[in-house]
Every structure is written in C-alpha cells, then in structure tokens.
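Trainee: Quick one, fold the following:
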Amino acid sequence: MEDRNLWRLSAADMQTGFRDGSLTPLAVARACLARLEAVNPRINAVVARRDQDFLREAEVSTARHARRRPLSALDGIPLSVKDSLYTQDLPTTWGCPALRSHATGQDELSVARARAAGALVIGKTNVPEFALEGYTANPVFGVTRNPWNLDLTPGGSSGGAVASVAAGITPLAIGQDGGGSIRRPASHTGLVGLKPSLSAVPREHVLPSLLLDFEVIGPLTRTVADARMLFDVMRGPAAVDRSSLAAEQARSPARPSAQLRILYVERFGSAPLDPQIADSVGQAVSRLAALGHRVETGALPLDLDFYAQAWPQIGQVGLAQLFERHPDWAAQASPKYLDMAEQGRQLPATRLWQILEQVKKLRRDSLALFDNIDVIVLPSAAALPWKAEDAYPTHIAGQEVGPRGHAVYTGWVNAAGLPGLAVPCEPSREGLPIGMQLVGRYGSDDTLLDLGAAYEAAHPWADRWPAL
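Mentor: Numbers count the residues shown, from 1 in each chain. The predicted model follows:
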C-alpha cells in the first residue's frame, strides 16, 4: 500500500505491519498527518496539534520496533485525545473561552497509560462548551462536521473524536462518555465506541465533574479489535482511584462460545424513534439471533421516569458548583450555560440528595435486571444526524422533542454504571451511519466486546468510508 493510503489501516493491521517489518510507525505518522492536512479543514475535528513531537515520537517508536522491543501492542499507533481530558503538553480548553490556555502539565491517567504504551498522540479533538451537549460546537474552535455529510453533526460531546477517526486522521481516539457521548457519536459516524463499566478505566488529573460519577473514559475506533486494544491499555485498577479496585474485582470473564440471552428493547415507551433506525437495529438483532443467541423482544424492566426531570438538573447543579469555584470561567461562558447554572442554584440541596438516592436504587435494580438476561440491545440514538449548527433535532419521526429526545437510550447506562458498546448497523437510505448499543451487567465489558467482534466478523463494516 502506498504511504499516502496508510491512514486507511486499522490499528491491528498497523501492529501486524510493524511486527513483520512491512510498515514503520514513522511512515504511518506521516500518512496520518497528510490525511489531517487534507480533511481537517472541512470537518474541524482536530483543534490542537503537536506535529513535531508526534513525528519525533514516531521515529523513536520505529527504532524500538527495529530492535523488536515495542512497549506494547499500541506502540507506534496514532491516536487523538478529546479536549476534555488533560494532556501534559497541550491546553485543555473544554470548548470554553476562559480556558484557551488552560494547561496543568499533567496527563489524564488514561492518556498517560496510552503514552507509556507507545501510542502517538496527534492532537486534541473538538467538544461542545463544557462537553455538555449532543452536538459539537463552541466559541473557541467553532463547529465540527460529520465526514459522511458536512452539513450534519457527528454528535457530541465526542464529536471531534469520532469525526477524526471516521475521516481516517487516526485509527484510535480517546473519548469520554457522561450520558452517551461516546456511543451516540459513534452511531452517527459508523464507528465502534465503548463506554466501559464505571471505574474500569481509573481517573486521575481531571476537570471538575459536571455529571456526578457518570463520566467515563473509553475508546472510539473503526473495529472492535482496535477498541479492545486501546481499552486493554487504559483499563485496570489504580490506587489513586479506589473505585477502580472494586471495578477490577467485578470484572467477569468473557463467554465467547456461550449462547447469550439477549433482550431487544426497540423503544422507550412513547418516545419517538426514527423508523430507519428501528429497521436497521431490528435487522441487526435478527443477525445476532442467526449467530445462535437467544433473543427476546420486550420493554426494559426498569423504571426510568425519575430521570426525565432529574437528568438536566444534574448538569445544572454541576455547572452551579463549577461557576462558584471558578467565577473567572463563568465570566466568559455562553449565556445558556449561565442560565443552566442559575437553575442549578435554585434547586434545594434535598433535590441532589434525592438524585443520589435514585442513582443508588438504579444500580441495585440493574443487578436483578441481569438475573435472566446477558445483554440488552437498544438503538444507540433515536435520531439520524441533524444540522451541524443545531444543538439537537427538534423533531423525530414527525414528533416534537426536547434537548434529549435523541439521547433517551444512553443516559441510564451511565447512571447505572453499566458497560455499553456501540457498533454499526446497516446505514440509512441516504447513506448515513446507524448504530446499535449492546449493554451488559457491571463488569461484562469483555463479553460485549466478544459479541461485537462476532457480529462484525459476520457482517463487517470497516470497508465503509465517507466520500471526503
């Protein structure tokens, strides 16, 4: 393959090439930079770059491979980092004007682990302001666009991350998911996105949380094998995050040869779902049954009514406490976030206590949920991608919806602390990507990855590329 097309390779294929000597990390790095130059001006995915350090580290990685002493399977693989995660050598703006030069000189622990494994960080990817919304635009860097249709959004808040991978800038991206921010953008761009079990990837050196403990770090890739490769490097307990010790204890072995009991939940009550998404995910579920799994269709046996009102309040309280701690950040925030913070300040402390108690209840209830089920399958998003400048679609299937109408299927997974894996299904008539979400019991991340890999082997999608 000519150097200019090396960006099309998966991370696993790059690793094979490094091992047999047919590829070098430096050649791959140069190809990825050339691809960035070619497509990033149109999609605005990567907002901070480190070209010289990126190439220098690729040279060092190439020398390690020449000595047959790579640091890990990730050594020499290019990746991007979401601009809500600290990086020691680039600012972390969080899409906020007040944080244009915000830098702590630290890596988020997951980023540090990827670097220590030899991964090559190409730069930072765009997010919405405070990474709180399901599209990607901010006053600092502007709008990020979907490589499949430049008029449309890639989703958010990991919109820059998915756009970069879907366009071939890097095969891997580190994303963050507080209510669907990995899984929904993955579905909008034809990618694999893993939201791990709570604390499976430990956290250290982080921005203030706006969504309790819901925000987790996970991989965004083109294939399940690549997602597993990055996840395996980032996961594992760390004493600085005590909850990660419990997560490691709860980790369950995969069941690759077992017949899984799958519950297919097409809809959440009367919440509208785009009919093309319903058809695509339904077809995918039939394919899972054809792989030998036992599939039943039904409603999700959990009461999630509480979260319809509570979900926006969590973000409002989070912003209120953030602006109290950092009034200089508030001074340059967009008006809608100031309004959200003001609503948070008006809520009584008892309301936050109620929310915390309901989260505990949901986590207890989700244990019993998996007594007779191994995996739940749902759509990843209720809507196809919408206009890139709009925060959310106002209508789905002809029905008017609010800001989270497109996001109804994902937030509960974060609140419950469960793992969720988004994988591509058949695209829409217009060629827009569609994804389904696999959700498992706490600690069953490997089972989901194995199921996703089996589905991918039978119905591959990695040869689908946007016509940029």
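Trainee: Wasn't residue 385 part of a strand?
Mentor: No. Assigned with DSSP: H, G, I helix; E, B strand; the rest coil, residue 385 falls outside any strand and is coil.
Trainee: isn't it right up against residue 152?
Mentor: Yes. At 4.0 Å, residue 385 and residue 152 qualify as touching, with contact defined as Cβ atoms under 8 Å. (C-beta placed from N, C-alpha, C; glycine too.)
Trainee: what's downstream of whichever helix or strand residue 263 is part of, the next helix or strand?
Mentor: Secondary structure assignment for residue 263, by DSSP states H and E: strand 261-264. For strand 261-264, the following helix or strand on the C-terminal side (DSSP H and E) is helix 275-290.
Trainee: quick one: contacts of that following helix?
Mentor: Outside helix 275-290, the residues that touch it by Cβ atoms under 8 Å, 6 or more residues apart in numbering are 262, 264, 266-267, 295, 297, 377-379, 381-384, 397, 425-429, 434, 436, 451, 455, 458-459.
Trainee: swap the cut-off to 6 Å and go again
Mentor: Residues outside helix 275-290 that contact it (Cβ atoms under 6 Å, 6 or more residues apart in numbering): 264, 295, 377, 379, 425, 426, 428, 434, 436, 459.
Trainee: For the second one, which three-state class applies?
Mentor: Per three-state DSSP, the secondary structure class of residue 295 is strand.
Trainee: Okay, it and residue 326: tell me how far apart.
Mentor: 48 Å (Cβ to Cβ, to the nearest Å).
Trainee: follow-up on the earlier one: pull out the buried positions in the strand holding residue 263.
Mentor: Of all the residues in strand 261-264, those buried under the rule 16 or more other Cβ atoms under 10 Å are 262, 263, 264.
Trainee: Could I get the contacts of helix 275-290 in a markdown table, plus columns for distance to residue 88 and pLDDT?
Mentor: Listed next are those as a markdown table, based on distance: Cβ to Cβ, whole Å; pLDDT from 0 to 100:
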| residue | distance to residue 88 | pLDDT |
| --- | --- | --- |
| 264 | 44 | 98 |
| 295 | 46 | 98 |
| 377 | 39 | 98 |
| 379 | 38 | 98 |
| 425 | 38 | 98 |
| 426 | 42 | 98 |
| 428 | 41 | 98 |
| 434 | 37 | 98 |
| 436 | 37 | 98 |
| 459 | 40 | 98 |
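Trainee: End to end on stretch 88-107, go ahead and measure it.
Mentor: 5 Å (Cα to Cα, to the nearest Å).
Trainee: which among the contacts of helix 275-290 end up buried?
Mentor: So, by 16+ other Cβ under 10 Å, the buried ones in these are 264, 295, 377, 379, 425, 428, 434, 436, 459.
Trainee: The residues you listed in strands, which ones?
Mentor: Taking DSSP state E as the definition of strands, those contribute 264, 295, 377, 379, 436.
Trainee: Closest one to residue 28 out of these, please.
Mentor: residue 436 (30.7 Å; Cβ to Cβ).
Trainee: so the closest residue to residue 253 other than its chain neighbours is in which element?
Mentor: In this structure, residue 253 finds its nearest non-sequential neighbour in residue 446, 6.8 Å apart by Cβ to Cβ, 6 or more residues apart in numbering. Using DSSP H and E, residue 446 maps to helix 445-458.
Trainee: For that helix, buried residues please.
Mentor: 445, 446, 447, 448, 449, 450, 451, 452, 453, 454, 455, 456.
Trainee: what about the third one, distance to residue 327?
Mentor: Computed as Cβ to Cβ, the residue 447 to residue 327 distance reads 46 Å.
Trainee: Which residues does residue 376 form beta bridges with?
Mentor: residue 263, residue 439 (DSSP bridges).
Trainee: Let me know the distance separating it from residue 295.
Mentor: On the measure of Cβ to Cβ, residue 376 and residue 295 end up 11 Å apart.
Trainee: same question, residue 66
Mentor: 49 Å.
Trainee: just residue 266 next, same as before
Mentor: The value you get for residue 266 to residue 295, if Cβ to Cβ is used, is 12 Å.
Trainee: so what's residue 325 closest to, chain neighbours aside?
Mentor: Residue 325 sits nearest to residue 208 (Cβ to Cβ, 6+ apart), 6.9 Å away.
Trainee: which residue sits closest to residue 233, ignoring its sequence neighbours?
Mentor: residue 117 (4.6 Å).
Trainee: Under the pLDDT cut-off, which ranges of the chain? List them.
Mentor: 1-4, 255-257 (pLDDT under 70).
Trainee: most centrally placed residue in it?
Mentor: residue 182 (1.9 Å; Cα atoms, centre = their mean).
Trainee: show me the contacts for that one.
Mentor: 158, 175, 193, 195, 218.
Trainee: again, only this time at 7 Å
Mentor: Neighbouring residues of residue 182 by Cβ atoms under 7 Å, 6 or more residues apart in numbering: 158, 175, 193, 194, 195, 218, 220.
Trainee: which of those residues lies closest to residue 369?
Mentor: Distances from residue 369 to the contacts of residue 182, taken by Cβ to Cβ, are shortest for residue 195, at 17.0 Å.
Trainee: Would you state the helices of the stretch 101-250 of the chain in chain order?
Mentor: 109-116, 159-166, 183-189, 224-234, 242-250 (DSSP state H, counting those that start in this stretch).
Trainee: Of those, which is nearest residue 10?
Mentor: Of those, nearest to residue 10 by Cβ to Cβ is helix 224-234, at 5.4 Å.
Trainee: Who are the packing partners of the closest one?
Mentor: helix 11-20, helix 109-116, strand 192-195, strand 216-221, helix 445-458 (3 or more Cβ pairs under 7 Å, 6 or more residues apart in numbering; DSSP states H and E).
Trainee: Keeping just the C-alphas, turn that helix into CSV.
Mentor: The C-alpha atoms that make up helix 224-234 are tabulated as CSV, following Å, rounded to 0.1, in the frame of the first residue of the first chain:
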residue,chain,number,x,y,z
VAL,A,224,-13.9,-4.0,17.7
ALA,A,225,-10.4,-5.3,17.8
ASP,A,226,-9.0,-1.8,17.8
ALA,A,227,-11.4,-0.8,20.6
ARG,A,228,-10.2,-3.8,22.7
MET,A,229,-6.5,-2.9,22.0
LEU,A,230,-6.9,0.7,23.4
PHE,A,231,-9.2,-0.4,26.2
ASP,A,232,-6.8,-3.0,27.4
VAL,A,233,-4.1,-0.4,27.8
MET,A,234,-6.3,2.1,29.6
